[in-house]
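**Q** Let's see this in three dimensions:
(4 chains)
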Protein chains: 4
Amino acid sequence: MKTGFNALFIPGPTNMPFRVRQAMDVALEDMRAPDFGDFTKPIFEDTKKVFRSETGQVFIFPGSGTGGWESAIANTLSPGDKVLMSRFGQFSHLWVDMCQRFGLDVQCIEVEWGKGVPLDAYEAALKADTRHEIKAVFACQNETATGVTSDIAGVRRALDAARHPALLMVDGVSSVGSIDMRMEEWGVDVCVSGSQKGFMLPTGLAIICVSQKALAMQSSARLPRTFFSWEDMSKLNADGYFPYTPATTLLRGLRASLDMIFEEGLDNVIARHHHLAEGVRRGVLDGWKLDLCARGPEWYSDTVSAILVPEEADARQVIARAYERYNLSLGTGLAKVMGRVFRIGHLGWLNEVMVAQALAGAEMAMRDCGIMVEPGSGVGAATEYWRTATGNTMAQAAE
Amino acid sequence: MKTGFNALFIPGPTNMPFRVRQAMDVALEDMRAPDFGDFTKPIFEDTKKVFRSETGQVFIFPGSGTGGWESAIANTLSPGDKVLMSRFGQFSHLWVDMCQRFGLDVQCIEVEWGKGVPLDAYEAALKADTRHEIKAVFACQNETATGVTSDIAGVRRALDAARHPALLMVDGVSSVGSIDMRMEEWGVDVCVSGSQKGFMLPTGLAIICVSQKALAMQSSARLPRTFFSWEDMSKLNADGYFPYTPATTLLRGLRASLDMIFEEGLDNVIARHHHLAEGVRRGVLDGWKLDLCARGPEWYSDTVSAILVPEEADARQVIARAYERYNLSLGTGLAKVMGRVFRIGHLGWLNEVMVAQALAGAEMAMRDCGIMVEPGSGVGAATEYWRTATGNTMAQAAE
Amino acid sequence: MKTGFNALFIPGPTNMPFRVRQAMDVALEDMRAPDFGDFTKPIFEDTKKVFRSETGQVFIFPGSGTGGWESAIANTLSPGDKVLMSRFGQFSHLWVDMCQRFGLDVQCIEVEWGKGVPLDAYEAALKADTRHEIKAVFACQNETATGVTSDIAGVRRALDAARHPALLMVDGVSSVGSIDMRMEEWGVDVCVSGSQKGFMLPTGLAIICVSQKALAMQSSARLPRTFFSWEDMSKLNADGYFPYTPATTLLRGLRASLDMIFEEGLDNVIARHHHLAEGVRRGVLDGWKLDLCARGPEWYSDTVSAILVPEEADARQVIARAYERYNLSLGTGLAKVMGRVFRIGHLGWLNEVMVAQALAGAEMAMRDCGIMVEPGSGVGAATEYWRTATGNTMAQAAE
Amino acid sequence: MKTGFNALFIPGPTNMPFRVRQAMDVALEDMRAPDFGDFTKPIFEDTKKVFRSETGQVFIFPGSGTGGWESAIANTLSPGDKVLMSRFGQFSHLWVDMCQRFGLDVQCIEVEWGKGVPLDAYEAALKADTRHEIKAVFACQNETATGVTSDIAGVRRALDAARHPALLMVDGVSSVGSIDMRMEEWGVDVCVSGSQKGFMLPTGLAIICVSQKALAMQSSARLPRTFFSWEDMSKLNADGYFPYTPATTLLRGLRASLDMIFEEGLDNVIARHHHLAEGVRRGVLDGWKLDLCARGPEWYSDTVSAILVPEEADARQVIARAYERYNLSLGTGLAKVMGRVFRIGHLGWLNEVMVAQALAGAEMAMRDCGIMVEPGSGVGAATEYWRTATGNTMAQAAE
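**A** The predicted structure follows:
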């Protein structure tokens, strides 16, 4: 029998705040009540702020990030449309796969796992596309499988350098609300997220934000869509209603989550994620003397770290041991990096003392599996960083 | 300020049992944990029992009933396929609309609102289709908009009489778990439901059950699908996992809901719904001397009653008054019957005393709006029926 | 197996609002945290407002109303002290019994059950006590067992008429927060309440309010006290702390409950209780043609009605039937009125439609037991009153 | 704004399991329902098992441990009775104080804070009391203020050696359910506990277990009692009812808590507490090179460690820093040891990874305050112990 709370350090779902949990512990309600729109309409506006979009529109579907991806494609593109993508992890791979299933003509640039969106290659491909056959450029802001964050502003620069009109579609599932996303500033056309990451909610909502440019594509897009249709949603959302029964409990939770994000301040939330992530990296690199899957600081993710185990070890054993013996959930290595990495998710409603659990537990699990990192070294390096880092918002809040 | 609990008598979402609510008030969890399948696999098996399917397979998607409809279509059909449908209310209408958007060739039989699936017309159409161009026959078991239940066994008889091989696709959103659904016995190929009706959960899951015959259609079906793909689901569900993050809190709730259904006994749950519904009908017909939208007892629904207000009245006023003044949520009239009916949903975790609220409150709201039904007449007729009905399971449980 | 929600119509515990329930669904907390007083100190101030005390002090003990009674006695009196009391129901009886156990010299006036505090007899006794041997006068504001409310302002007038300095001690367990209590205006010295009635919380707190005059009695009072000591509490409460671990979850709930009371408005809460109670009385008297235990309108309680069954019937059967068959909890008759009355509690987070359940269910249970009240008569009389009563705050809120 | 969960490492209230929290998130209920006893009677029996009593009786009062102490005294003793006590911390002090307030003749042996019950001095005093004037011997099993556990079996030996008939009264507030308590075997007559420690519940219940010998004292005991009366409780508890409204939500939680204790196994629960405590001690002594308040291993408490800070430091600063900056709640030093110690509570629903938080956070807070323990040293020493300790039940459970 496992005792104590499970220490949840997968990169989503996250450690849901009790306030969010309370907010969802409600009776069900009439989604056609006269005052229902008083509740829902501000949610759309406030969610938009998390994407830092001003002129865009937010859609909230029952579903998951995968449904959000589908919505992005089906409302903007037609069978045979050419799209530019890159693949460097399991999640960027899956979006490529979806586009292919929808009959799109995918130009996919393969990238070493551990790096992210190849800006030069994108720019070259866009410049080469003088007839503007590429209808959309896809970028995964945070590849959850490898702990790699890409430079979305850079993708915009590549588009601009090529004076290319393609849509910019971003997978922000494990970044929005935790890593900076600036839709308006960066000219992102569709940004897809889900409820169970930075929004600190259970899985169950695809949350996407769409630019006016992308919305205008609906009239020409010929892929079929009903459940994930923006048009149906738009019509009813205007008054705060939905074309089918919405997931009201999750919306109640989203309200609480948005309130918490704004009370802390979105900038502070993002700074806190960086602060916690940096502590984890100090623990891994300086404490444990291990490497990250991410091939350099420019790729480091502030929501998830994929840690490479020594060649002779199997990361799956570490993960299994952590779960069975220490009630600690770490993220597994997916596809190509299976067995090579374990992942620590460090996003959501976290603080330093909470994150120390992941380091302390991983340390025990590794030593049990023969990876003889120094006892206390990970925690010690992390805590000493957290304690002394200047300018972090958590310290400021305490003063 | 509204006081007291909202009396929720829309036809879904329903009055969620506290036990279900407790079961969902949990921390989030790792959907890739080694023991996660120990939790999920029995859920698939037990959900199947609610559909009374033995050889079929259950799929659970984050989504809603509408997503379930989409899944039924996209995994079995190809653009241009001919399908036989009928329309007699807002929900049967919406499924027709979806099929048309997916590029199917819809043969739609229009039926008076207040009646249901036209068995004779179905049989005639199927017999006329000697070349078996009709790939699927659609039937809405319970038209939530009008409170009309159709005879699904009769649709099977029509198919058999015509010796027609078409798939039988059933919308069971507001019937499964409340009104008898016998997939195996009736040869239903796809039955679509959602979490927020008979399953007594929040909105957020499309729950569908699929026959082997329908599963076999996947190989030839050319409509695009990823999020709602059965194939992706099947692969991972085999071990209790999912192709993308599942809505774990709703699955925890579903476990509790299934436990409750089996503890009461599915037959007893269905009998209880009939017992409560019959009381409401006595209140409406004998007490209030009003009519139902359903055109005769053969169409009466045991999950929702649509009540016709006198010609000179506007049902929307009654509904608004009930909500604003009495904190009672009644279902509104949709599309053609807007203003003509208000609906009492009587499904889910209900008993007689709870349902009396809907009658007492509707009575007050009607009188406030000038519909001068006799005070206490609806409740009196219902309670006297409930008290004296022989053979009802609620009375047996009390003895 | 009982289905649906239990309809809880005992006179406390009550139908706890979900908002209160959510507020208590929290992790435990450090009752010595530096900021704990920021949370607790406003609670004391706000609770005082519910007693309409300005110069008094509130004490909140883990316990129940009975503990509150004990606290009232032990902190103000000494063995052998003479006190004036009256007995007209089970709860006024129990307080008499407690005083006797504490070795007080109880002058108890026996009153017919169905009536309340005998003002004339009190005045006479006080006038006769020219040597002021009576140290305290006790009054039960709302006798929960019989549904009788007494005139506390009248007791003050009796004291004043006799120019008597005795303390005025009031049992407000089932009245405070539901029936008007004006400690300051009426010169009440100690008013005892509990969490599970008008405060809409679970049982677990004794909530008392004490005048400066009563506080001053501590120095001379020689009854032993530690757990219920005002002095120990006062010292630590001053900074928001407690002499032993407080029931923090209940305090979190109390915060929510106070917020709700003030948002509705205490006057409106009291008016709503009267409005709902009057509807019940119309149902009982005009609908069912039965009598109340209370011997006249001047004694009618707005929080609980004790209904007399016909002589040949046994109210216990009605109560048992209501619970077993209809999942409706009614209050039983206690002591002298056992078998003669069943009680409907109508206090707390209630509205008209909710209260209709108690009438509808009691009607069925009575008819099942051979008490052939007219079906629908109770609900009809109540709803017609509720619908048409002028000046009630629930109607005003809806306009 | 504090982020993340508060890390609660005070010695009670504890980290309540979610299962307990869910169990208490219920509607209120009728404490006089016919089937209420079916729920409550097994609770009394099962609670007794936690005390390892076979012939005793359990009482559950709304209250706290302090109320339990009062109940122990008031039901067994009379004014002027002589009792033998010892004082070595704030909680043993408070019980002495209570006995004095109740007019008992307290023979109190003063002991250095950091040690516990003085067995030799007890034996000597009992032997000297040849006329058996001492009616009861009091012992605090776990002094929460200093982290000192006393030898209750040894107190029994002292009584037996003196052939003394006095009652043996034990304060088990912070030990029962976490540290071994063997009422039957050790001849303990009254053992007092509370809900918020080993029972893993919110504060709000005094839980006591009483021997037949102690029960028999009621007839002669002349201290006044009503709220905490055993006799009143016994009468109604026999059928599962209570003399006043019980705290039903806490009882629902207690049911869940007992289930969890028995599922893990009481012996395993106790072993787990020892295992976790020993890791903390390794961290403090071997990692940090600091001392415990407890004056030697024979006094070490498995539920709380009081850590002495260096002479020049003020432990209050560490505690404040831990709370304000790291959202970590540590226990403060009380009375004599204020400023000299901070306490880590390690009882309740804990595992190794959870406890690592307290060490990691305390380390940061100490270094921030100039106590320059080696970073990671506390966690490293603890985790290495936890990882390698043989025979611990947590490791066995994982195999």
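**Q** now residue A:32: how far from residue C:211?
**A** Per Cβ to Cβ, to the nearest Å, residue A:32 is found 52 Å from residue C:211. Where C-beta positions appear, they are placed from N, C-alpha and C, glycine not excepted.
**Q** of those two, who's got more company?
**A** For residue A:32 and residue C:211, the more surrounded residue by other Cβ atoms under 10 Å in any protein chain shown is residue C:211, and the numbers stand at 21 against 16.
**Q** what residues are up against the more buried one?
**A** Going by Cβ atoms under 8 Å, 6 or more residues apart in numbering or on different chains, residue C:211 touches C:53, C:55, C:56, C:183, C:187, C:188, C:189, C:190.
**Q** from those residues, which would you call buried?
**A** C:53, C:56, C:183, C:187, C:188, C:189, C:190 (16 or more other Cβ atoms under 10 Å in any protein chain shown).
**Q** I'd like the distance between residue A:293 and residue A:305.
**A** Counting by Cβ to Cβ, the gap between residue A:293 and residue A:305 amounts to 8 Å.
**Q** no wait, residue A:80
**A** If you measure residue A:80 against residue A:305 using Cβ to Cβ, the figure is 40 Å.
**Q** Then residue A:217?
**A** Note on residue A:217: its distance to residue A:305, by Cβ to Cβ, is 37 Å.
**Q** More neighbours: which of the two?
**A** Comparing residue A:217 with residue A:305 by neighbour count (other Cβ under 10 Å), the higher total belongs to residue A:305, at 28 against 20.
**Q** For residue A:8, which three-state class applies?
**A** Of the three states, residue A:8 takes strand under DSSP: H, G, I helix; E, B strand; the rest coil.
**Q** cool, the one 5 residues further on as well?
**A** In the three-state summary, residue A:13 is assigned as coil, counting by three-state DSSP.
**Q** Just the element for the spatially closest residue to it that is not a sequence neighbour, please.
**A** With Cβ to Cβ, 6 or more residues apart in numbering or on different chains as the criterion, residue A:13 has its nearest non-adjacent residue at 3.6 Å, and that residue is residue B:28. Following DSSP states H and E, there is no helix or strand that holds residue B:28.
**Q** and residue B:28, how far is that from chain D?
**A** Distance check for residue B:28 against chain D: by Cβ to the nearest Cβ, to the nearest Å, it reads 11 Å.
**Q** That residue reaches residue B:247, doesn't it?
**A** No - with the criterion set as Cβ atoms under 8 Å, residue B:28 and residue B:247 do not qualify as a contacting pair; they are 10.4 Å apart.
**Q** Please enumerate the shared neighbours of the two.
**A** Taking Cβ under 8 Å, 6+ apart as the contact rule, the neighbours common to residue B:28 and residue B:247 are A:202, A:203.
**Q** More neighbours: these two, which one.
**A** Remark: of residue B:28 and residue B:247, residue B:247 carries more neighbours, 33 against 24, as counted by other Cβ under 10 Å.
**Q** ok, the residue in the stretch 201-350 of chain A positioned nearest to chain D - contacts?
**A** Nearest residue of the stretch 201-350 of chain A to chain D (Cβ to the nearest Cβ) works out as residue A:325 at 3.9 Å. Residue A:325 makes contacts with A:364, A:365, A:368, D:394, D:395, D:398, as judged by Cβ under 8 Å, 6+ apart.
**Q** Around the last one, how many other residues sit close by?
**A** Read it as residue D:398. So residue D:398, with other Cβ under 10 Å, has 15 neighbours.
**Q** Ok, the third one next?
**A** Counted with other Cβ under 10 Å, residues neighbouring residue A:368 total 18.
**Q** can you pull the pLDDT of the residue nearest to it when sequence neighbours are not counted?
**A** Leaving aside its chain neighbours, residue A:368 sits nearest to residue A:321 (5.2 Å; criterion: Cβ to Cβ, 6+ apart). For residue A:321, the pLDDT comes out at 97.
**Q** Confirm that residue A:321 lies within a helix, as I assumed.
**A** Yes - according to three-state DSSP, the state of residue A:321 is that of a helix.
**Q** Test my guess that it contacts residue A:369.
**A** Yes - counting by Cβ under 8 Å, residue A:369 is a contact partner of residue A:321 at 5.7 Å.
**Q** In strands, which of the contacts of residue C:211 fall?
**A** Among those, the ones falling in strands (DSSP state E) are residue C:190.
**Q** What is the burial count for the spatially closest residue to residue A:4 that is not a sequence neighbour?
**A** With Cβ to Cβ, 6+ apart as the criterion, residue A:4 has its nearest non-adjacent residue at 3.2 Å, and that residue is residue D:351. Applying the criterion other Cβ under 10 Å, we find 25 residues in the vicinity of residue D:351.
**Q** Low-confidence stretches in the stretch 51-200 of chain A?
**A** Screening the stretch 51-200 of chain A residue by residue with the criterion pLDDT under 70, one finds no matching range.
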